[in-house]
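[1] Build the 3D model from these lines:
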Amino acid sequence: MKTENLLIFSILTMVCGFVVAQSDGDYVVPRTEYGQPDLQGVWNFSSNTPMQRPTRYGNQEFLSPEQVQEAIKRQQASAAAA
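    Model prediction:
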């Protein structure tokens, strides 16, 4: 009997938590004067993916295994120097 009561109490507590966590729906997405979502803010672009392809690769689609090893060595040297 105690196990059943504990189970029922736990389920009711979880359900109440889910109900409280629901938003009330009053949030309005900010929009620009043109009706598009306003994406102004602080954007962090400090990733390992460059925004433009380095010119040294030209039209080469993939790196050769040697080029991959060179890139790994450059990255390791850069990390060791930091």
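
[2] Check which residues of stretch 50-69 are buried.
    Buried residues in stretch 50-69, counted by 16 or more other Cβ atoms under 10 Å: none are found. Every C-beta, even on glycine, is put in place using the N, C-alpha and C of the backbone.

[3] what distance separates the start and the end of it?
    Terminal residues of stretch 50-69 are spaced 19 Å apart (Cα to Cα, to the nearest Å).

[4] pLDDT on that stretch, on average?
    Mean per-residue pLDDT for stretch 50-69: 89.

[5] The chain: helices as residue ranges?
    Ranges of helices within the chain are 2-21, 65-81, based on DSSP state H.

[6] which one of those has the lowest average pLDDT?
    Among the helices of the chain, helix 2-21 scores lowest, with a mean of 80.

[7] Alpha carbons of it, as CSV, please.
    Presented in CSV, the C-alpha positions along helix 2-21 are these (Å, rounded to 0.1, in the frame of the first residue of the first chain):
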residue,chain,number,x,y,z
LYS,A,2,2.8,2.4,0.9
THR,A,3,4.5,1.7,-2.5
GLU,A,4,1.3,2.5,-4.3
ASN,A,5,0.9,5.8,-2.5
LEU,A,6,4.4,6.7,-3.1
LEU,A,7,4.0,5.9,-6.8
ILE,A,8,0.8,7.9,-7.1
PHE,A,9,2.4,10.9,-5.2
SER,A,10,5.5,10.7,-7.5
ILE,A,11,3.3,10.7,-10.7
LEU,A,12,1.2,13.6,-9.4
THR,A,13,4.3,15.6,-8.6
MET,A,14,5.7,15.0,-12.0
VAL,A,15,2.5,16.0,-13.7
CYS,A,16,2.3,19.2,-11.6
GLY,A,17,5.8,20.0,-12.6
PHE,A,18,5.1,19.6,-16.3
VAL,A,19,2.0,21.8,-16.0
VAL,A,20,3.9,24.6,-14.2
ALA,A,21,6.7,24.4,-16.8
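
[8] Just give the number of residues close to Trp43.
    6 (other Cβ atoms under 10 Å).

[9] Next, work out how far apart it and Asn59 are.
    30 Å (Cβ to Cβ, to the nearest Å).
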